[in-house]
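> fold the stuff below for me.
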Amino acid sequence: MGRNKQLRQILSTPLTAGFRPFGRNCKRGNCIELLFDEYEVVRLLDYEGCQQAEAAEQMKISRPTLTRIYMEARKKISTALVEGRQLKITGGNKDFSTYQSNKINVVIMNQKIAIPTCDGALWPHFGKAPQVTIVTIEEGKVLETEVLDAPPHEHGAMPRFIAAHGCTAVLCGGLGGGAVTLLNQLGIEVHAGAPAIPIDELLTQYLGGTIVYGDGSCHHHCDGHHHE
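Numbering: from 1, shown residues only. Coordinates of the predicted model:
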């Protein structure tokens, strides 16, 4: 049995979801994904000018781990620049089967999370939830919780509603591919496959990196499609 990964603390989600090259020789396919912890290491070392020991302390990881992440990040960035490839900044939630291994070890210290809910618990079907609970996280702790009525069940309504309230992430059960695509386009990180449990318990698990994620796909038109 492998040892648990240590939680990596990240100040906040990036301001942009990525970058696209321009020019006649740009490569449209084969997008390179820069994970949040890789982005954070580059931000701390190259942008903020921190020493490696200081950056490692801020992220709550060892210095060798930070060095390894930094080298991987620089390789991805240099490849995107030299080969003219799109660079996407993501938490790694592209493949639900690898969601837990890629995502569970990262804690975003400042964010605004939207959770589809009903009666104080996560509602398992994203687009059909009667309520949306919006949670503001600062310094890794819950600062404010607001419960709102969900928008009408129309195509694209839920993602746009969440974006309009300034949310940076969605914590949900199942959702359709259309919703995932639209949320990504709006710069909102998707944490899918979360269990349908009370919000307080869910947030404790999320912030502690102990959520056991299940299948995040949806077979009930959760992306907002509905039948008359």
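> pairing partners for the longest strand seen in the chain, with directions?
If you go by DSSP state E, the chain has its longest strand at strand 106-118. Strand 106-118 pairs in its sheet with strand 8-12 (parallel), strand 121-122 (antiparallel), strand 131-138 (antiparallel), strand 169-171 (parallel), by DSSP bridges.
> what does the shortest one contact?
Outside strand 121-122, the residues within contact range by Cβ atoms under 8 Å, 6 or more residues apart in numbering are 115-116, 171-173, 194-199, 202. C-beta coordinates here come from the backbone N, C-alpha and C atoms, glycine included.
> in CSV, list those residues along with distance to residue 154.
Shown next, in CSV, are these (distance: Cβ to Cβ, whole Å):
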residue, distance to residue 154
115, 20
116, 15
171, 22
172, 18
173, 20
194, 24
195, 27
196, 23
197, 28
198, 28
199, 25
202, 26
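> among those residues, which pair sits farthest apart?
Across those, the longest distance by Cβ to Cβ is 15.0 Å; it joins 172 and 198.
> in this structure, where is pLDDT below threshold?
Applying pLDDT under 70 to the chain flags residues 1-7, 27-29, 92-107, 218-228.
> could you point out the longest helix in it?
What stands out as the longest helix in the chain, according to DSSP state H, is helix 63-83.
> and the next element down the chain from that one?
strand 85-90 (DSSP states H and E).
> rewinding a little: now list the buried members of the contacts of strand 121-122.
By neighbour count, with 16 or more other Cβ atoms under 10 Å, these hold 115-116, 171-173, 194, 196, 199, 202 as buried.
> returning to that earlier point: tell me what the longest helix of the chain is packed against?
Contacts defined by 3 or more Cβ pairs under 8 Å, 6 or more residues apart in numbering; DSSP states H and E place helix 63-83 against strand 27-35, helix 36-42, helix 52-59, strand 85-90.
> distance between the third one and the chain's centre?
If you compare the mean C-alpha spot of helix 52-59 with that of the full chain, they lie 22 Å apart, counting by Cα atoms, centre = their mean, to the nearest Å.
> what comes up buried for that helix?
So for helix 52-59, counting by 16+ other Cβ under 10 Å, buried means 55-56, 58-59.
> before we move on, the earlier item: of the contacts of strand 121-122, which belong to strands?
Among those, the ones falling in strands (DSSP E) are 115-116, 171.
> got those as TSV, with distance to residue 162 columns?
Below are the ones in strands among the contacts of strand 121-122 laid out as TSV (distance: Cβ to Cβ, whole Å):
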residue	distance to residue 162
115	10
116	9
171	11
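> nearest to residue 33 among those?
If you rank these by distance to residue 33 using Cβ to Cβ, residue 171 comes first, at 20.5 Å.
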